[in-house]
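*Asks:* The sequence and its predicted three-dimensional model are supplied below.
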Amino acid sequence: MTVATNIPAFCQGIQYFKDSLPNFEQYSSPAIKKGETAIASPTDSAAVYQTMLAADALRYLTLQVTASKQSGHPGGFASIAEAIASLVMLGHKNIITEVGHHAPGFYSNVFLDTSLEAMGINNVQQMGDRFRETHGLLGHLSGQIPGLLNPAGPLGQGQHFAMAGAKLHPGVLFPVTIGDGGLGEPYIMSSFGHFNTAFPQVTNFLPILVWNGYSQEHHSMVSTKTNEQMINYWAGNGFTEVILVNAKDYDDSNQVSDYVDSTLFSQAGRMAFTQAVLEGTDKAAKSALDGKLTVLIVKQLKGAGVHKRGAQSHNLYPGDSLEKDYIVAALKERALTPEAWQLVRDNYVRSNGGAAVNTVVTEHEYSIGDLGKIPLQEYSVGGEKQVATTAMGEIVAYVGQQDRDFLVANADGNAASGIKNINTALKIIHPTKDETYSQQPQGQVYEPLSEDACAGLAAAQALFGARTLWCSYESFVINGLPIWQTVTQAMAELRRSTPSTITLFTAGALEQGRNGWTHQRPEVENYFAGMMRNGNIFPLFPCDANSIQACYEWALGTRNKGIPITASKSPLEIRTTLEQTREGLAKGGIVLQETPGTKTVVFAVIGDMTLIPVFAATEQLKAQGIGSKIVSIINPRRLYRSTDVAWDSCSREQDGDFLSDAEFSNLFDGDALLGVTGGSSAMLEPVMLRSNSKRDVFAWKRGETTASAGQIMEFNGITADNFIKRAMELIG
């Protein structure tokens with residue numbers, strides 16, 4: 001091995017080159033011909049040979065990039081390198097992963113086709129320099145990397161992106177790699193199952209199981225399954241085509257384990273295994289595109305071809321540098337000649353018609369139709385009580401009727417949340433047609449009994465560019481929030497515009513007295529309160545049936561945001577006009593009532609039912625000559641100071657509108673300020689931070705079984721008497 005000269009410019013930074021490769025001259029012409037987008041045949045020996053080269057190139061780059069920072073995860077991706085290379089050689093680049101730890105491998109994949117040049121990474125040296133650095137290649141996939149379709153962090157998420165892509169783009173294959181460590185998450189199979197029942201015609205997503213025997217720090221929980229058991233597991237979960245390629249079947253190096261490393265085979269053995277992966281990938285892709293629910297399983301030892309094997313290959317630690325002997329040895333073993341690097345790049349650039357940054361579906365805005373004038377019904381202030389969620393449901397129905405891609409997801413039943421009108425208009429997707437239950441195969445309401453599956457498909461479809469709404473009971477929403485948070489962070493990083501991911505959380509804790517604490521979990525608002533500082537998260541708290549319509553109207557017009565709307569399903573008094581809420585959306589809150597007196601107690605109120613004891617308290621204060629002001633907080637994120645929120649870190653749709661100090665004082669200044677919420681006190685943080693008044697907070701403490709909303713508020717101290725007592729103490 002010598003120092004190479006005249007290397008391709010993109011190879012700058014590669015530390016080791018081989019002098020020659022066996023049989024290279026025989027197969028030195030690109031298998032993807034000029035003007036073509038894929039190889040002609042998976043059995044062509046040149047295509048097989050060059051797929052093997054591509055797999056080694058991926059392993060080399062993954063290891064060098066991670067070792068350059070003595071950090072990152074090379075082992076898991078190394079065991080699936082042949083399948084990733086096969087996808088590219090077959091012309092498929094809309095590749096998704098469930099495994100965030102495969103990030104350096106996926107970066108290597110899009111580096112090879114020049115996609116990373118869009119972020120100024122033109123060679124291997126630059127890729128290493130910017131790995132795990134700010135504005136560079138994050139440790140896990142995010143929304144900002146050119147050519148990569150999805151973020152990946154927590155396990156059990158990637159399949160949602162693949163299914164959303166497949167639903168929106170018929171005829172395009174969306175492979176998704178799934179780790180055998182992640183397979184232990186129950187969400188993966190259950191979400192596949194419900195999606196296939198709801199959308200049996202959508203099969204153009206392809207799970208690829210990375211069956212390498214190990215998870216992060218130990219053997220994977222499925223490592224003891226036999227091949228037959230693994231095949232039966234997928235078949236038993238509805239997959240009609242299960243394709244298993246086992247490296248062990250091609251082992252001519254006498255490895256003992258059931259999981260083997262193909263890079264230790266002879267050249268003939270490696271070619272045979274690579275051809276099996278290439279043929280299996282081709283067969284699986286065609287099967288998925290042909291209407292069959294298909295899975296490809298590649299069984300190969302974790303860490304194949306890199307520095308260590310098994311779980312020890314998963315992560316690099318301080319000291320695992322480019323000078324470490326076993327890193328050097330692995331890089332030298334995987335090294336290519338300069339000519340081979342150029343050959344790999346030529347194939348990668350031609351695949352799929354060009355670099356992924358120019359060709360994959362998420363690099364372009366998805367076309368959605370205009371909704372026209374959204375019909376709102378304005379109820380009379382002080383008139384008949386109305387259910388806010390039902391009022392919003394009418395608009396949701398309209399959106400679905402205008403936009404056939406629109407999807408509503410709900411795990412616990414829309415009827416239970418006061419939005420049966422959504423089901424009536426849009427129909428629950430179900431193989432059994434039944435008018436009684438508003439269900440039919442061609443519906444737009446997706447109802448798996450899993451918040452993860454609900455949030456997953458709704459958020460993923462929004463990320464891919466289509467409108468959605470995720471509905472949930474507030475008490476159960478926590479089970480779906482990890483992927484929703486993942487998507488909202490990705491939306492902040494995207495280089496393109498996409499519809500905001502909108503939610504409706506109903507049946508709040510105050511309405512769930514008889515059900516007790518199992519249905520009383522408004523602490524979830526703490527989650528959103530923390531996320532408000534991200535820059536693109538806007539929790540909304542409409543105060544009545546008019547207010548919720550204006551909130552949803554506003555949300556529909558936004559882009560790249562996460563917007564949770566929280567409202568009651570009980571009939572409540574109409575306190576505002578539509579225009580007042582529009583003002584509240586812009587300024588954070590609106591004054592509902594102002595009463596003069598010798599001193600003024602200001603109530604900053606989040607929610608709708610919480611207004612009931614507040615209005616009662618102001619009447620009693622009035623009787624004592626004490627003035628009051630009730631401010632309904634509609635959009636608390638507007639009430640922060642601009643320096644509190646990372647709004648300017650968002651790549652697109654930056655929203656730096658915050659209430660000025662003068663306007664804040666105009667809303668909230670008084671002799672005393674009481675923050676009142678039926679949820680987490682953290683949501684009142686922006687008010688408490690900025691107020692100079694004597695102040696206190698009344699908020700949720702814990703749940704209990706009660707007969708009414710009034711009793712649960714009393715249990716938590718949210719009563720008119722307590723408000724008055726504390727106000728008197730504050731004003732002296």
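*Replies:* Okay, I see it.
*Asks:* From Glu447, how far out is the closest residue to Gln444 other than its chain neighbours?
*Replies:* Nearest non-adjacent residue to Gln444, counting by CB to CB, 6 or more residues apart in numbering: Leu426, 4.1 Å away. To be clear about C-beta, it is placed using only N, CA and C from the backbone, and glycine gets the same treatment. Distance of Leu426 to Glu447, computed by CB to CB, to the nearest Å: 11 Å.
*Asks:* got any ranges where the stretch 501-650 of the chain has weak pLDDT?
*Replies:* Along the stretch 501-650 of the chain, no part satisfies pLDDT under 70.
*Asks:* repeat that for 90
*Replies:* 507-522 (pLDDT under 90).
*Asks:* what does the stretch 201-350 of the chain give?
*Replies:* If you take pLDDT under 90 as the line, the stretch 201-350 of the chain has these spans: 215-217, 220.
*Asks:* Next up, identify which helix or strand the residue nearest to the spatial centre of the chain is on.
*Replies:* Closest residue to the average C-alpha location of the chain: Val487 at 3.1 Å, with CA atoms, centre = their mean. Element membership of Val487, judged by DSSP states H and E, is helix 481-493.
*Asks:* ok now that helix, how far from the chain's centre?
*Replies:* How far helix 481-493 lies from its chain's middle: 5 Å, per CA atoms, centre = their mean, to the nearest Å.
*Asks:* Tell me the helix or strand right after that helix.
*Replies:* According to DSSP H and E, the helix or strand after helix 481-493 is strand 501-506.
*Asks:* mind listing what the nearest residue to Ala415 once chain neighbours are set aside touches?
*Replies:* What sits nearest to Ala415 in space, not counting adjacent residues and going by CB to CB, 6+ apart, is Asn423, at 6.6 Å. Contacts for Asn423 were tallied using CB atoms under 8 Å, 6 or more residues apart in numbering; they are Asn414, Ala415, Tyr437, Ser438, Gln439, Val445.
*Asks:* and with 7 Å instead?
*Replies:* Listed by CB atoms under 7 Å, 6 or more residues apart in numbering, the contact set of Asn423 reads Asn414, Ala415, Ser438, Val445.
*Asks:* what does Glu729 give?
*Replies:* If a contact means CB under 7 Å, 6+ apart, then Glu729 has no contacts.
*Asks:* Pull the distance from whichever strand or helix holds it to the chain's centre.
*Replies:* Remark: Glu729 resides in helix 720-731, with elements defined by DSSP H and E. In terms of CA atoms, centre = their mean, the centre of helix 720-731 is found 44 Å from the chain centre.
*Asks:* which parts of that helix are buried?
*Replies:* For helix 720-731, a neighbour-count test (16 or more other CB atoms under 10 Å) marks Ala720, Asn722, Phe723, Ile724, Arg726, Ala727, Leu730, Ile731 as buried.
*Asks:* So what does Ile634 look like in phi/psi?
*Replies:* With angles defined as degrees, to the nearest 10, Ile634 sits at phi -90, psi -40.
*Asks:* what about the residue lying closest to it once chain neighbours are set aside, helix or strand, and which?
*Replies:* Nearest residue to Ile634, sequence neighbours excluded (CB to CB, 6+ apart): Gly584, at 3.4 Å. Take DSSP H and E as the rule and Gly584 turns out to sit in helix 578-587.
*Asks:* Report all helices and strands that that helix contacts.
*Replies:* helix 545-556, strand 589-595 (3 or more CB pairs under 7 Å, 6 or more residues apart in numbering; DSSP states H and E).
*Asks:* Looking at those, spot the one closest to Leu572.
*Replies:* For Leu572, the closest of these is helix 545-556, at 7.4 Å, according to CB to CB.
*Asks:* Can you work out which other helices and strands pack against the helix or strand that that closest one is followed by?
*Replies:* Counting by DSSP H and E, the next helix or strand C-terminal to helix 545-556 is strand 562-566. Strand 562-566 is packed against strand 501-506, helix 545-556, with contacts defined by 3+ CB pairs under 7 Å, 6+ apart.
*Asks:* Strand 562-566 vs helix 545-556, what angle?
*Replies:* 170 degrees (axes from the mean of the first three to the mean of the last three CA atoms, to 10 degrees).
*Asks:* Following element in sequence after strand 562-566, please.
*Replies:* strand 571-572.
*Asks:* Just the residues contacting that following strand, thanks.
*Replies:* Lys385, Gln386, Val387, Ala388, Asp544, Asp608, Met609.
*Asks:* Show the contacting residues for the third one.
*Replies:* By that I understand Val387. Here Val387 is in contact with Gly418, Ala545, Lys569, Ser570, Pro571 (CB under 7 Å, 6+ apart).
*Asks:* ok, which stretches of the stretch 1-150 of the chain are helices?
*Replies:* Secondary structure of the stretch 1-150 of the chain by DSSP state H, counting those that start in this stretch: the helices cover 45-68, 75-78, 81-89, 103-112, 124-130.
*Asks:* For Tyr473, find the nearest of those helices.
*Replies:* Nearest of the helices of the stretch 1-150 of the chain (CB to CB): helix 103-112, 34.5 Å.
*Asks:* Tell me the secondary structure of the nearest residue to Gly182 once chain neighbours are set aside, please.
*Replies:* Of all residues not flanking Gly182 in the chain, Leu155 sits nearest, at 3.8 Å (CB to CB, 6+ apart). Here Leu155 is coil, with the state taken from DSSP: H, G, I helix; E, B strand; the rest coil.
*Asks:* List the residues that contact Leu155.
*Replies:* Glu98, Gly182, Glu185.
*Asks:* quick one: which of these is nearest Thr294?
*Replies:* Glu98 (16.5 Å).
*Asks:* Next, count neighbours for the spatially closest residue to the closest one that is not a sequence neighbour.
*Replies:* Excluding the flanking residues, the one nearest Glu98 by CB to CB, 6+ apart is Gly158, at 2.8 Å. If you count neighbours by other CB atoms under 10 Å, Gly158 ends up with 30.
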